[in-house]
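Trainee: no sequence on this one, just coordinates:
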């Protein structure tokens, strides 16, 4: 999965853009950024990366972000999509 595919997925599944951002950190959102060859996934809180996870490739980072946003959507809005089994 690529960032572009993930963006399309989020739009298709009505995930509010106020929950996430790609490419740069944004306060109060789940962020997916690329630093050198490493992909980072974290929650940005007052310029601090909370729960920082690092991934060697775009696919694994996107899949983890998709799963994290699924959990948030379920807890906040009580709606979700069914995760695919590996």
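Mentor: Thanks, I have it. No experiment lies behind these values; they were computed from the predicted model shown.
Trainee: which non-adjacent residue is nearest residue 2?
Mentor: The shortest distance from residue 2 to any non-neighbouring residue, by CB to CB, 6 or more residues apart in numbering, is to residue 58 (5.8 Å). From N, CA and C alone the C-beta is placed, and that goes for glycine too.
Trainee: typo on my end, residue 13
Mentor: Residue 13 sits nearest to residue 81 (CB to CB, 6+ apart), 5.6 Å away.
Trainee: mind listing what's buried along stretch 28-38?
Mentor: Within stretch 28-38, the residues that count as buried by 16 or more other CB atoms under 10 Å are 29-33.
Trainee: which elements pack onto the helix or strand containing residue 34?
Mentor: In this assignment (DSSP states H and E), residue 34 forms part of strand 30-35. In terms of contacts (3 or more CB pairs under 8 Å, 6 or more residues apart in numbering; DSSP states H and E), strand 30-35 is packed against strand 20-22, strand 38-45, helix 58-77.
Trainee: can you give the distance from stretch 50-59 to the centre of its chain?
Mentor: 10 Å (CA atoms, centre = their mean, to the nearest Å).
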